[in-house]
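Novice: the amino acid sequence is not available; the structure is as follows:
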């Protein structure tokens, strides 16, 4: 919020310098029928102090993960952000940095991006990664275009387990090319249906796009998908949750050709949908088809380590007509946040966070499934998000959860996501619940009590292995 005071004398001096007597002369060329001929109905002007007070009053009406324990998911999760992230992220050296076209004065920025790429490769099990793209959805869409360029095939096979919003972005990217996509439905276990997948791959698509865990939380059979795609001569593109990669085998080790995902949870807080960052990694043989910026490490004339932008002939600012993508930038600040986060918590801290997500979600699932009238919708394995079949309208649970200080999940009876599921899966009875390392056992028990009350049953006694308490990031000095 910025106020630039202009006095009447300032206004007169500026108009005189422009050679006009009245400010209205500045828009005299606009046709009269397009000019509002009455004053705007605006409230009285406020001082800066009064404006701050009014904005604070309006902000206090917001419901967020800061005011309500959040069990929301489907791509945006309430993960813990250690204070060291913002402490370093907001330093002026990084916060005011611009595109590093001059490597000799941008070594810090370039090194940070290089470290980000290295960390993404370690997470995904891939050989090369780019400097990030806009978000997970655009990363998947760029991977689809990349696969078509590599295989010289127009078609795609896309699992219905891929986030529906991401599928829409893929379709938007490809609409101008007129390239069709074959959607592969989910089976009754919540995984991509194998028989339908075999039929879709029979058309010889450029790539198979799957998400694991998929948008309903189920872990897909990535090795089987890789084998099926390879037999059809197609590439396998896997959209992965970075925290799931803390406990699951990396897709690169299961045969994926490209791995993409949303990096929001890595040091980036929930922020009304953005800005976030997408990561994209692939096998080295495909590096010249990768979109966006790539940073490499070299040496200068004196033998010192030097970081540079490499393979720029791929990029649209160099050879626009032969570019692999329209991307010519990256989410530098968000990627830096992810780099600081992963470096600060280290292997042991990241594994602790991933395990806390897994254990907390499975504890919550056991407690909810024990309630009368409730059941898990799918029997397949899940990581930290799962679908619950409810005895009442899921939207009612969400409404009463707000009153109880809980964001109790995503109700698929009223949410647009529900329309992407087939009728036989009964989306009108499904509630999606996500648990991260920030959720405590007490908050999970509050959710269970809410479901019991709304569902008309009683809370079963707690049993099984307890969920971990709220995870705290280890100090950077102790990172492993």
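Specialist: Yep, it's here. All values reported here derive from a predicted model rather than from experimental measurement. Numbering: from 1, shown residues only.
Novice: residue nearest the centroid of the chain?
Specialist: Nearest to the geometric centre of the chain sits residue 262, at 3.3 Å (CA atoms, centre = their mean).
Novice: any idea what it is bridged to?
Specialist: According to DSSP bridges, residue 278 are recorded as the beta-bridge partners of residue 262.
Novice: now find how far off-centre stretch 253-262 is within its chain.
Specialist: Here the centre of stretch 253-262 is set off from its chain's centre by 16 Å, with CA atoms, centre = their mean, to the nearest Å.
Novice: quick check: residue 266 is in a strand.
Specialist: No. Secondary structure assignment places residue 266 outside any strand; it is coil (DSSP: H, G, I helix; E, B strand; the rest coil).
Novice: leaving out the residues flanking it, which one is nearest to it?
Specialist: Counting by CB to CB, 6 or more residues apart in numbering, residue 338 is the residue found nearest to residue 266 once chain neighbours are left out, at 3.7 Å. Where C-beta positions appear, they are placed from N, C-alpha and C, glycine not excepted.
Novice: what's the answer for residue 291, then?
Specialist: Once flanking residues are discounted, residue 291 sits nearest to residue 325: 3.3 Å by CB to CB, 6+ apart.
Novice: repeat for residue 453
Specialist: residue 400 (7.9 Å).
Novice: can you name every helix or strand that the helix or strand in which the one you found is found contacts?
Specialist: Take DSSP states H and E as the rule and residue 400 turns out to sit in helix 394-403. Taking 3 or more CB pairs under 8 Å, 6 or more residues apart in numbering; DSSP states H and E as the contact definition, the neighbouring helices and strands of helix 394-403 are strand 410-411, strand 430-434, helix 441-455.
Novice: can you add distance to residue 348 and give these back as a markdown table?
Specialist: Output for those, formatted as a markdown table (distance: least, CB to CB, whole Å):
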| stretch | distance to residue 348 |
| --- | --- |
| strand 410-411 | 32 |
| strand 430-434 | 24 |
| helix 441-455 | 22 |
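Novice: need the winner for burial among these.
Specialist: Mean neighbour counts were taken over those using mean count of other CB atoms under 10 Å, and the top value, a mean of 26, falls to strand 430-434.
Novice: that strand vs helix 441-455, what angle?
Specialist: Between the axis of strand 430-434 and that of helix 441-455 there is an angle of 170 degrees, by axes from the mean of the first three to the mean of the last three CA atoms, to 10 degrees.
Novice: need the residues that contact the helix holding residue 400.
Specialist: 63, 68, 390, 407-414, 428-431, 447, 450-451, 453-454 (CB atoms under 8 Å, 6 or more residues apart in numbering).
Novice: and if we set it to 6 Å?
Specialist: The list of residues contacting helix 394-403 from outside it, by CB atoms under 6 Å, 6 or more residues apart in numbering, reads 408, 411, 413, 414, 431, 450, 454.
Novice: check what pLDDT the second one gets.
Specialist: Think residue 411. Residue 411 carries a pLDDT value of 98.
Novice: show me what contacts it?
Specialist: Neighbouring residues of residue 411 by CB under 6 Å, 6+ apart: 394, 395, 398, 431.
Novice: buried set for the helix or strand of the chain with the lowest mean pLDDT?
Specialist: Counting by mean pLDDT, DSSP states H and E, the weakest-scoring helix or strand in the chain turns out to be helix 92-95, with a mean of 86. Taking 16 or more other CB atoms under 10 Å as the neighbour-count basis, helix 92-95 is seen to contain the buried residues residue 94.
Novice: now do it: everything it contacts.
Specialist: residue 336.
Novice: now swap in stretch 353-369 and tell me
Specialist: Surrounding stretch 353-369, the residues in contact under the criterion CB under 6 Å, 6+ apart are 243, 246-247, 374-376, 383-384, 386, 388, 435-437, 439, 444, 448, 464, 467-468, 471.
Novice: the closest residue to residue 252 other than its chain neighbours: neighbouring residues, count only.
Specialist: For residue 252, ignoring the flanking residues on the chain, the nearest one in space by CB to CB, 6+ apart is residue 125 at 2.8 Å. Look at residue 125: counted by other CB atoms under 10 Å, it has 17 neighbours.
Novice: and residue 125, what does it touch?
Specialist: 250, 252, 253.
Novice: what about residue 185, distance to residue 279?
Specialist: Counting by CB to CB, to the nearest Å, the separation of residue 185 from residue 279 is 28 Å.
Novice: report the angle between whichever helix in the chain runs longest and strand 430-434.
Specialist: For the chain, the helix with the greatest residue count under DSSP state H is helix 332-369. Computed by the same axes, to 10 degrees, the angle separating helix 332-369 from strand 430-434 equals 120 degrees.
Novice: how far does helix 332-369 sit from the chain's center?
Specialist: Helix 332-369 has its C-alpha centroid displaced from the chain centroid by 14 Å (CA atoms, centre = their mean).
Novice: which of the contacts of residue 411 count as buried?
Specialist: Neighbour-count burial (16+ other CB under 10 Å) is assigned, among those, to 394, 395, 398, 431.
Novice: and those as a markdown table, adding pLDDT?
Specialist: Written out in a markdown table, the entries for those read as follows (pLDDT from 0 to 100):
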| residue | pLDDT |
| --- | --- |
| 394 | 97 |
| 395 | 97 |
| 398 | 97 |
| 431 | 98 |
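Novice: which of those residues lies closest to residue 17?
Specialist: Looking at the buried ones among the contacts of residue 411 and their distance to residue 17, the nearest is residue 398, at 57.9 Å (CB to CB).
Novice: quick one: the closest one from residue 376, how far?
Specialist: Taking CB to CB, one finds residue 398 at 18 Å from residue 376.
Novice: what residues does the stretch of helix or strand residue 280 belongs to touch?
Specialist: Assigning secondary structure by DSSP H and E places residue 280 in strand 278-282. Outside strand 278-282, the residues that touch it by CB under 6 Å, 6+ apart are 120-121, 124, 126, 129-130, 132-136, 138-139, 258-261, 263, 290.
Novice: now the residues you listed: which count as buried?
Specialist: 120-121, 124, 126, 129-130, 132-136, 138-139, 258-261, 263, 290.
Novice: in strands, which of these fall?
Specialist: Among those, the ones falling in strands (DSSP state E) are 129, 258, 259, 260, 261.
Novice: any chance of those residues in a markdown table, plus distance to residue 48 and pLDDT?
Specialist: Rendered in a markdown table, the data for these read as follows (distance: CB to CB, whole Å; pLDDT from 0 to 100):
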| residue | distance to residue 48 | pLDDT |
| --- | --- | --- |
| 129 | 44 | 97 |
| 258 | 49 | 98 |
| 259 | 48 | 98 |
| 260 | 44 | 98 |
| 261 | 42 | 98 |
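Novice: right, I'll leave it there.
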